[in-house]
Each structure stands twice: as C-alpha cells, then as structure tokens.
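Novice: Can you look at this prediction? I've put the sequence above it.
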Amino acid sequence: MAPQHPSAAKLARVAKEAKACTRCPLYRNATQTVFGEGPVGAALMLVGEQPGDQEDIAGHPFVGPAGKMLDRALVDAGIDRRQVYVTNAVKHFKNEPRGKKRLHKKPNRYEVEVCKVWLAQEVSLVKPGLVVAMGVTAAAALAGRPMTLARERGKEIAFGEGRRGMVTVHPSSILRVPDKAGRHKAYAGLVRDLKLALKVLQAA
Ligand code: URA
C-alpha cells in the first residue's frame, strides 16, 4: 500500500468536521456537506461554486451535468481527474424548493465568507502547485476581492500570499449557452485554460 501523505489524516478530520457544519443556514435545505475530493499533494486544485442537485444527493463534487462537462474538458486537456483535487467554495447546495424541483440559488457574500474556513484548510493541507477557480464565486472566495473573468482570465494570478492561481469559466456556464456554436466556443475556452494551467505547472 502506498504511504499516506502526512496531511491526509488531518484533511480527513477537517472533512469530518465540515460534515457537521452549521455556520450558515444553507445546511438546512441541503442533504449533506459536499467536501472536496482528490489526493493530498495534488499539483492542481479545481474550485467550483457549490454542489448542485446531484452532488448534494451523491455527496461528491462535480458528478452531475457540470461534472460531466468538466470530465470531458479534463480529458481533452490531457489531465487525469484522479490526480486533481476538486472542491467548491461553498460546501452545501443552496436551493429553493419549487414543487418537486429544487432550484439552484447563487450563494451570497456571507455564505461564501463563512464557508472559506473549509476551503482555506483544503488549500493549506493539499498544498497544490496551482489553484484554478472555475467561475467568479470561487475566484472571489480565493482572492478575497471581487473578480471578473474578463480581467483575470488566461494569466497566472495570486490567490493570497504566494498561492499561484488562475481563473476560468464554470463548466455549468457552458451548459447554459443557448446555441451550439457558442457552446462549442465556450467549451474550447475551458479546455484552453486547463491546458494553460498544465503548462504553468510544468514550467514551475
Ligand atoms: N457546480 C459546482 O460549482 N460544483 C459542483 O460540484 C457541481 C456543480
């Protein structure tokens, strides 16, 4: 059996603590905490916004439609998801029950802020060489300031003291593009950013 990374047990303890998180009201409408997954010591960390409906039920990040889109983009970028730590800025699914459906709602600044305690520990224990924020919610949580994709995308930026980072689109934004050509272009942009992330890591 491969030896465990020294921080793996600590991260497992943090994940267990997060399971009981009631720091903001989002736990009330969610099935469970969805903590990050992937190897401690992963070179690359990907951070999304919050679990969606399917993630909330399964208890794993990025397993629904956005996850399938991400999986495809990772393959096309030549990145093995098993080597990547995948997580979210917010660990509970924010939703509004509407009949039999649960409508996704964007987390507010307070919810993102109080949830940072988990993301910060994931970053400091996994110690990735590069953190890629997918979407502006994750980018703002990591940078500690408002972020726009137009300004920050396609280059290396810092997420706090010495933490190398990049920003790309959220995979679900691609699913929302109404026309096929637009979706194709948006998808190509995600793959391009992931390839750039790989290049930045390899050059380090
Ligand atoms: N969207 C996210 O931001 N994260 C997930 O885990 C799933 C969908």
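Specialist: That came through, no problem. Numbering: from 1, shown residues only.

Novice: On the strand side of things, show who the residue of the chain found nearest the ligand bridges to.
Specialist: Residue of the chain nearest the ligand, by CB to the nearest ligand atom: residue 48 (2.8 Å). Any C-beta I mention is one placed from the backbone N, CA and C, and that applies to glycine too. On the basis of DSSP bridges, residue 48 takes part in beta bridges with residue 88.

Novice: residues touching it, list them.
Specialist: By CB atoms under 8 Å, 6 or more residues apart in numbering, residue 48 lies in contact with 61-62, 66, 86-89, 134-135, 138, 170-171.

Novice: With residue 73 instead?
Specialist: By CB under 8 Å, 6+ apart, the neighbours of residue 73 are 171, 187, 190-191, 194.

Novice: restrict those to contacts with the ligand.
Specialist: With the criterion set as CB under 6 Å from any ligand atom, no member of those is near the ligand.

Novice: Now, the residues you listed that are in helices?
Specialist: 171, 187, 190-191, 194 (DSSP state H).

Novice: near the ligand at all, stretch 7-27?
Specialist: No - for stretch 7-27, no contact with the ligand is found by CB under 6 Å from any ligand atom; the gap never falls below 13.6 Å.

Novice: so what's residue 166 bridging to?
Specialist: Beta-bridge partners of residue 166, as defined by DSSP bridges: residue 132.
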